[in-house]
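Enquirer: 3D model of this:
(one chain, ligands or ions: 1)
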Amino acid sequence: MNRTRIKICGITREQDLRAAVDGGADALGFVFYPKSPRYLAPEQWKALAPAMPPFVNGVGLFVNASVDEVRQAVDNGPIALLQFHGDETAEQCAAIAAAVRRPFVRAFRVKPDTSASDLLESEAQYRVASAWFSGLLLDTWVDAYGGAGKVFDWSLIPKELAPRVVLSGGLSVQNVTSAVMRVRPFAVDISSGVEESKGIKDARKIAAFIDAVRAADASPDTSESHHGEHS
Ligand SMILES: O=C(O)c1ccccc1NCC(=O)[C@H](O)[C@H](O)COP(=O)(O)O
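Expert: Numbers count the residues shown, from 1 in each chain. Down below sits the predicted model:
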């Protein structure tokens with residue numbers, strides 16, 4: 001049985017970090033984008049970092065950050081993976097990842113006119129651009145860059161790409177079972193859907209979300225195929 005990996009993003013408090021870890025999350029996202037309501041300033045991250053246990057990946061989330069900003073986050077705590085969520089080019093992502101010696105995921109923000117071939121071409125481009133590239137995180141295009149709780153059309157995702165992507169954007173306990181059964185992504189990512197308010201997670205919602213993903217993992221495969229024609 002496939003085990004869909006789970007990332008809980010926008011962690012700002014130790015109690016929420018512990019709730020996500022205790023629930024079985026595989027990765028925790030820490031937002032280093034100052035305009036986000038979930039922003040962790042360097043000193044906040046330095047104070048929170050010691051609560052990170054082994055075998056849980058810390059993901060540092062950046063929007064058009066400098067290499068020095070990324071290096072500061074990596075130096076202040078266990079950031080195992082970078083997530084570029086802004087307008088960074090493949091070359092910029094590759095250069096920063098190589099400079100701080102960390103793998104990265106590229107957030108691809110899906111617009112209404114995005115096609116399946118756009119996703120395939122982007123993944124191929126990043127694979128060529130950097131040995132540090134880990135995969136695409138597919139999120140919904142919003143002006144605030146992310147964390148908006150909005151879904152995109154999952155049927156867009158090519159079947160051959162699904163096992164290599166992180167599915168994100170507006171997931172919740174209400175829709176994640178359907179999302180996992182239809183797409184069978186490598187991982188899912190959530191922020192708004194497990195919150196009381198922006199940056200404040202709800203431990204019961206985290207537990208319910210993780211349970212829903214596990215239920216979907218145990219269900220028969222009914223994933224949709226998308227053979228790459230334009231959406
Ligand atoms: O979380 C934020 O505040 C944020 C701000 C700017 C860029 C990205 C941001 N989050 C990135 C994530 O990985 C979120 O988990 C992803 O956008 C999904 O968020 P949601 O739709 O709220 O589940």
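
Enquirer: L137 in helix, strand or coil?
Expert: Secondary structure, DSSP: H, G, I helix; E, B strand; the rest coil: L137 is strand.

Enquirer: Now do the contacts for G169.
Expert: Going by Cβ atoms under 8 Å, 6 or more residues apart in numbering, G169 touches 110, 138-140, 146, 148, 150-152. Glycine gets a C-beta too; all of them are placed from N, C-alpha and C.

Enquirer: The closest residue to H85 other than its chain neighbours: what's it in contact with?
Expert: Nearest residue to H85 in three dimensions, chain neighbours excluded: A107, at 4.1 Å (Cβ to Cβ, 6 or more residues apart in numbering). Residues near A107 by Cβ under 8 Å, 6+ apart: 83-85, 136-139, 146, 168.

Enquirer: cool, and E88?
Expert: Taking Cβ under 8 Å, 6+ apart, one finds 64, 96, 106 in contact with E88.

Enquirer: ok, and which of those residues reach the ligand?
Expert: Near the ligand, taking Cβ under 6 Å from any ligand atom as the test, no member of these is found.

Enquirer: residue ranges of the helices in this protein, please?
Expert: In the chain, the segments counted as helices under DSSP state H are 14-23, 42-48, 67-76, 90-100, 116-129, 176-183, 203-217.

Enquirer: Let me have those helices in JSON lines, extended by mean neighbour count, distance to I6 and mean pLDDT.
Expert: Compiled in JSON lines, the helices of the chain are given as follows (neighbours: other Cβ atoms under 10 Å; distance: least, Cβ to Cβ, whole Å; pLDDT from 0 to 100):
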{"stretch": "helix 14-23", "mean neighbour count": "18", "distance to I6": "8", "mean pLDDT": "98"}
{"stretch": "helix 42-48", "mean neighbour count": "15", "distance to I6": "19", "mean pLDDT": "98"}
{"stretch": "helix 67-76", "mean neighbour count": "17", "distance to I6": "22", "mean pLDDT": "98"}
{"stretch": "helix 90-100", "mean neighbour count": "18", "distance to I6": "23", "mean pLDDT": "98"}
{"stretch": "helix 116-129", "mean neighbour count": "16", "distance to I6": "21", "mean pLDDT": "98"}
{"stretch": "helix 176-183", "mean neighbour count": "20", "distance to I6": "9", "mean pLDDT": "97"}
{"stretch": "helix 203-217", "mean neighbour count": "19", "distance to I6": "6", "mean pLDDT": "97"}
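
Enquirer: Out of the ones you listed, the one nearest S36 is which?
Expert: Proximity of the helices of the chain to S36 was assessed by Cβ to Cβ; the nearest stretch is helix 42-48, lying at 12.5 Å.

Enquirer: name the helices or strands packed onto the closest one?
Expert: Secondary-structure packing of helix 42-48 (3 or more Cβ pairs under 8 Å, 6 or more residues apart in numbering; DSSP states H and E): helix 67-76.
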